[in-house]
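Engineer: here is the input, now give the coordinates:
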Amino acid sequence: MSTERRAPAEINGAELLDRVRAAVTRYVILPSDAATDAFVLWVAATHGLKFWTHATRMVIRAPEKRCGKSRLLDVGEALSWKPLVTVNASPSAIYRSIGDVDEDAPTILIDEADTIFGPNAQGANEDLRGLLNAGFGRGRAALRYDAATRQVEEIPTFAMAGMAGIGTMPDTIEDRAIVIRMRRRGPGEKVAPYRAKRDGPPLGRLRAELNRWVRSHPELEHAEPVMPVEDRAADTWEPLIAIADLAGGDWPERARAACLALEAEKEANTDMPIQVRLLIDIRAAFEDDEALATSTLLMRLTSDDEAPWAAYGNRGDAITPMQLGRLLREYDIRPGNIRFPNGIQAKGYTREAFADAWSRYCPEVLAESGQDVEADGPATAWPEQPQTFLHPSLGRLEPSHGTDRDESTPPLTSGGTAGTAGTPLTGTPTSPAVCIHCRKPLSYDDGSHTHPACA
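Structural biologist: As a prediction, this is how the structure comes out:
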């Protein structure tokens, strides 16, 4: 029987991965044991592409030059299956390089990826980003129309891919990737110099052993390892966990520990979408109120110096009611006419309108207590999302004659009259407006929320 079907008896998976790990750490200092184990498992997984449902991406990024990211990619080139290295390539060239047979598809390695996807690229390589995203899942071909034959051509995209660059990669790529955040070597940290001509052949022999070992286990195609994560993260890590389980020894435990550590690190270093940040900040702004006038809500949002809302506008000015409404529209949250217990009617938002969005998009942290919310699934210690709190001097401000309307808020009727009675607010009555300086009640508020003597 050929070696493609049965591994030589002397190849021990755990011992082979240990030797690959020792070879990697000879030339590169990775930021953690978790990152090192993940990289070793990833290069091993590139040899089993034909077994996988998802082709894991590897992102090697650094804050600046000389952090070892390109050297790690060099080592990956020496150890991975059919490496195809490029610093720039057109999507059509990569399409043609992938070919039609999964087991022959190369491992795409992109160096200097920040020049392709960084801010200076200004979105010029969206086709390449789309290719890398589509190629994560098996069977997602790109469609091109061939004018010569007048037929639609299906072009395979399924291939393992790794990229190295300064700064973050597009979030849609990192969401499908294992992210290794390199750093510059510290004092006393030494590595051996890497020379492809001298060091390439020994690494090439390790690559050949990896290939024989992985491809001699067709049962990997049906592997369903127990995963410590769910959803997209599980798809990303499944090939690596399957390789670790096949190797045995302490690799299964190490692989799952690496998965949890790197996913937690990625989550902690992912920029929060501005819409989610707004939902969290609004939840804090509501405090115990059941409804807020739009003007009051905006004042509370912009009072936080650490929040982006005071300078969210196009010219660095505060967020407007129209901008607020546009951000909330995707969650089907819209302002309405509200009559408050003090008799004032104003455009505003109710707490009830946000309940569904809060539960779906920002359930991790309770707005006021900061305690974790129990969720289904494995008990994983994920980092908390950033919290936003109001300035302690702000207090609870209610709409008054001076706060129920501004120039950007349309009148309640087309004629500018008081309008209808509006939707009555039910629930616990709220306290009267207070001065933001002395904290005493205001008999009349001109919009400054301040007594004349306190101004």
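Engineer: just checking, which helix or strand of this structure averages the lowest pLDDT?
Structural biologist: strand 423-424 (a mean of 51; mean pLDDT, DSSP states H and E).
Engineer: pLDDT at Glu238, what is it?
Structural biologist: The score at Glu238 is 97. That number is its pLDDT.
Engineer: try Tyr444
Structural biologist: The pLDDT attached to Tyr444 in the predicted structure is 55.
Engineer: what about the spatially most central residue of the chain, which SS state?
Structural biologist: A centroid search over the chain (C-alpha atoms, centre = their mean) returns Thr270, at 4.9 Å, as the residue closest to the centre. Following DSSP: H, G, I helix; E, B strand; the rest coil, we place Thr270 in the coil state.
Engineer: wait, it touches Thr172, no?
Structural biologist: No - counting by C-beta atoms under 8 Å, Thr270 stays clear of Thr172, with 11.9 Å between them. Quick note: C-beta positions are derived from backbone N, CA and C, even for glycine.
Engineer: state the mean pLDDT of stretch 193-205.
Structural biologist: 92.
Engineer: run the chain-centre distance for that stretch.
Structural biologist: 35 Å (C-alpha atoms, centre = their mean, to the nearest Å).
Engineer: my guess is Leu109 contacts Ala78, does it?
Structural biologist: No - counting by C-beta under 8 Å, Ala78 is not a contact partner of Leu109; they are 10.7 Å apart.
Engineer: can I get stretch 47-60 in PDB, CA atoms only?
Structural biologist: Taking Å, rounded to 0.1, in the frame of the first residue of the first chain, the C-alpha atoms of stretch 47-60 are listed here in PDB:
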ATOM      1  CA  HIS A  47      -1.300  19.300   4.500                       C
ATOM      2  CA  GLY A  48      -4.800  18.000   5.100                       C
ATOM      3  CA  LEU A  49      -6.800  20.600   3.100                       C
ATOM      4  CA  LYS A  50      -8.700  17.800   1.300                       C
ATOM      5  CA  PHE A  51     -10.100  16.700   4.700                       C
ATOM      6  CA  TRP A  52     -11.400  20.000   5.900                       C
ATOM      7  CA  THR A  53     -14.700  21.800   5.600                       C
ATOM      8  CA  HIS A  54     -13.100  25.200   6.300                       C
ATOM      9  CA  ALA A  55      -9.600  26.500   5.300                       C
ATOM     10  CA  THR A  56      -8.200  28.300   8.400                       C
ATOM     11  CA  ARG A  57      -6.600  31.600   7.800                       C
ATOM     12  CA  MET A  58      -3.500  32.700   9.700                       C
ATOM     13  CA  VAL A  59      -2.900  36.400  10.400                       C
ATOM     14  CA  ILE A  60       0.600  37.400  11.700                       C
END
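Engineer: just say helix, strand or coil for Ile178.
Structural biologist: Using three-state DSSP, the structure places Ile178 in strand.
Engineer: contacts only, for it.
Structural biologist: For Ile178, the set of contacting residues under the criterion of C-beta atoms under 8 Å, 6 or more residues apart in numbering consists of Ala38, Trp42, Thr56, Arg57, Met58, Val59, Thr236, Trp237, Leu240, Leu262.
Engineer: with adjacent residues omitted, what lies nearest to the fourth one?
Structural biologist: Spelled out, it's Arg57. In this structure, Arg57 finds its nearest non-sequential neighbour in Ala177, 3.6 Å apart by C-beta to C-beta, 6 or more residues apart in numbering.
Engineer: burial check on the one you found, number of neighbours?
Structural biologist: Applying other C-beta atoms under 10 Å, we find 24 residues neighbouring Ala177.
Engineer: quick check: it touching Met169?
Structural biologist: Yes - in this structure, Ala177 is within contact of Met169 by C-beta under 8 Å, at 7.4 Å.
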